[in-house]
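Novice: Model the structure of this input:
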Amino acid sequence: MGTGRNLSYKKSFFVKNKGFASHYGILSGDDDLFVNENATKDNVSVLYSPENFTYTKSKKTFTDWYFQKIRHLSASTKYKFSHKILLSIEPLNRSVFYSLLILSIFLNCKIIVLSAIIIILIKIILFNFILKNLQEKDLLLISLLYDVISPIFYFIIHINKKVRKQKWN
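Specialist: Numbers count the residues shown, from 1 in each chain. Okay, here's the model as predicted:
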């Protein structure tokens, strides 16, 4: 996902690719769609050193956060089909993993539970490494909780997005 506050590109690249022209009529996500249409492995770099960090004030209430996520996802209907599939695989994988873990606990499948615990420990190590590099070590526990519940939230948000028409100021 590319949002205007955390990406940059040369004006010549923007003009050459007709900028936001193909997203003229949308209410939100023109920056994200520009990246979706034009980013390739050859023209994108990810910078994650502290001098390149971008900070944004977070929403103060769950309701504000929820509607922000609906707005952010409003552009996703215009993503390339292959990107929609790729973006769906990861949360689906997590949903299946945690569902099978719960089922395995109830069915007393010790080998599956043990395997899941090992995977979770690997996740903790990886999250800790990533958060340390992003200078956000205090987010480890909330990141693990978010890892479990975010597929549920995003499923609800996608359903809500399909049911309700949103208008942005």
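
Novice: Quick check: the gap between residue 149 and residue 47.
Specialist: With distances defined as C-beta to C-beta, to the nearest Å, the gap from residue 149 to residue 47 amounts to 29 Å. Where you see a C-beta, it was placed from the backbone N, CA and C, and this is true even at glycine.

Novice: Repeat that for residue 92.
Specialist: With distances taken as C-beta to C-beta, residue 92 is found 29 Å from residue 47.

Novice: cool, residue 106 as well?
Specialist: Using C-beta to C-beta, we find residue 106 at a distance of 45 Å from residue 47.

Novice: So for those two, which sits in the more crowded spot?
Specialist: Neighbours per residue, other C-beta atoms under 10 Å: of residue 106 and residue 47, the larger number sits with residue 47, 10 against 7.

Novice: what about the closest residue to residue 134 other than its chain neighbours, which helix or strand?
Specialist: By the measure of C-beta to C-beta, 6 or more residues apart in numbering, the closest residue to residue 134 outside its immediate chain neighbours is residue 48, 6.7 Å from it. Element membership for residue 48 (DSSP states H and E) is empty, with no helix or strand holding it.

Novice: Correct me if wrong: residue 48 contacts residue 136.
Specialist: No. Distance between residue 48 and residue 136: 11.3 Å, which falls outside the contact criterion (C-beta atoms under 8 Å).

Novice: which of these two has more neighbours?
Specialist: Higher neighbour count among residue 48 and residue 136: residue 136, with 13 against 9, using other C-beta under 10 Å.

Novice: where does this protein dip in pLDDT?
Specialist: Across the chain, the stretches falling below the confidence threshold (pLDDT under 70) are 1-2, 164-169.

Novice: Show me the domain layout of it.
Specialist: Structural domains of the chain, as assigned by automatic domain parsing, span the residue ranges 1-56, 59-169.

Novice: what about residue 105, neighbour count?
Specialist: 13.

Novice: got the contact list for it?
Specialist: Applying C-beta atoms under 8 Å, 6 or more residues apart in numbering, we find residue 105 in contact with residue 113.

Novice: quick one, phi psi at it?
Specialist: For residue 105, the backbone dihedrals (degrees, to the nearest 10) come out as phi -60, psi -50.

Novice: roughly how far apart are the residue nearest to residue 134 and residue 76?
Specialist: 24 Å.

Novice: Then residue 96?
Specialist: 21 Å.

Novice: Of the two, give the one with the bigger neighbour count.
Specialist: Using other C-beta under 10 Å as the criterion, residue 96 and residue 76 rank with residue 76 on top: 17 against 11.
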